[in-house]
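Visitor: Sequence and predicted structure, then a few things I'm wondering about:
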Protein chains: 2
Amino acid sequence: MPKPAKHVFVCAQSRPPGHPRGSCGQLGCAAVLQTFAQQFEQGQLHGRFALTSTGCLGACDYGPTVLIYPEGVMYTQVKPEDVSEIVAEHLHKGTPVERLLAPAALWS
Amino acid sequence: MPKPAKHVFVCAQSRPPGHPRGSCGQLGCAAVLQTFAQQFEQGQLHGRFALTSTGCLGACDYGPTVLIYPEGVMYTQVKPEDVSEIVAEHLHKGTPVERLLAPAALWS
């Protein structure tokens, strides 16, 4: 595949209920990943952009977590209904979605 | 965590034996990921660099696959004994390891 202009990584880490670290899985990352996958299909984004699930990205209390390279922009507490905005603004226009950016203490 | 200077993604996708796409799992990615993890621990690389496992990176016939951002450099057919060179040359010196680069038809 061609090297993508932007590569979207979505944390898909799950841990058992009650685990002290929690996880993006418990916080609903599967629906976020699925929504990205649907929008990649519908918008024929594969090729220009890439979408990959990951293990733990380290922001377990602030999941679901999405990380976009090459910029290295991390989004936290992403909901399925936020995905359209990330696709439209960040992927297509190159403008990060400020309101979803990870706290500076987590990623800066 | 601080935003890493370089983020190493290692494909950890497995598929059942005989699956037509094969997988990095069948090609030994677990040992590659473990070797990176050991070298991150031993070299105290966490913080400066990050290491994350991923789902399929798309180069299933050429696994194990390693992808490093922000450069977007993909390595294919990586063996555990290659990991030291990637860490020393690419992570510490910023010089990609030419002999392990993905074929241009796969990633360019």
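Guide: Everything's here; your move.
Visitor: In a helix, residue A:34, correct?
Guide: Yes - assessed with DSSP: H, G, I helix; E, B strand; the rest coil, residue A:34 lies in a helix.
Visitor: which residues of chain A score low on pLDDT?
Guide: Within chain A, no stretch has pLDDT under 70.
Visitor: roughly how far apart are the residue positioned nearest the centre of it and chain B?
Guide: In chain A, the centroid-proximal residue (Cα atoms, centre = their mean) is residue A:66; its distance is 2.1 Å. For residue A:66, the distance to chain B equals 13 Å [Cβ to the nearest Cβ, to the nearest Å]. (Each C-beta comes from the backbone N, C-alpha and C, glycine too.)
Visitor: so who does that residue touch?
Guide: A:8-11, A:32, A:36, A:74-75, A:78, A:86 (Cβ atoms under 8 Å, 6 or more residues apart in numbering or on different chains).
Visitor: what's the answer for residue A:32, then?
Guide: A:10, A:64, A:66, A:78-80, A:82-83.
Visitor: Next step: those residues restricted to helices.
Guide: Among the contacts of residue A:32, the members found in helices (DSSP state H) are residue A:83.
Visitor: Compute the number of surrounding residues for the closest residue to residue A:80 other than its chain neighbours.
Guide: Nearest residue to residue A:80, sequence neighbours excluded (Cβ to Cβ, 6 or more residues apart in numbering or on different chains): residue A:35, at 4.3 Å. With neighbours defined by other Cβ atoms under 10 Å in any protein chain shown, the count for residue A:35 comes to 20.
Visitor: rewinding a little: go through the contacts of residue A:32 and name the one nearest residue B:42.
Guide: Among the contacts of residue A:32, residue A:10 lies closest to residue B:42 (Cβ to Cβ), at 29.6 Å.
Visitor: The closest residue to that closest one other than its chain neighbours: neighbouring residues, count only.
Guide: Nearest non-adjacent residue to residue A:10, counting by Cβ to Cβ, 6+ apart: residue A:33, 4.5 Å away. Other residues lying near residue A:33 total 24 when counted by other Cβ under 10 Å.
Visitor: try residue A:24
Guide: 30.
Visitor: what's the spacing between the closest residue to it other than its chain neighbours and chain B?
Guide: Distance criterion Cβ to Cβ, 6+ apart; nearest residue to residue A:24, sequence neighbours excluded, is residue A:63 at 3.3 Å. Applying Cβ to the nearest Cβ, the value for residue A:63 to chain B is 14 Å.
Visitor: wait, residue A:63 sits on residue A:74?
Guide: No - between residue A:63 and residue A:74 there is no contact under Cβ atoms under 8 Å: 11.0 Å.
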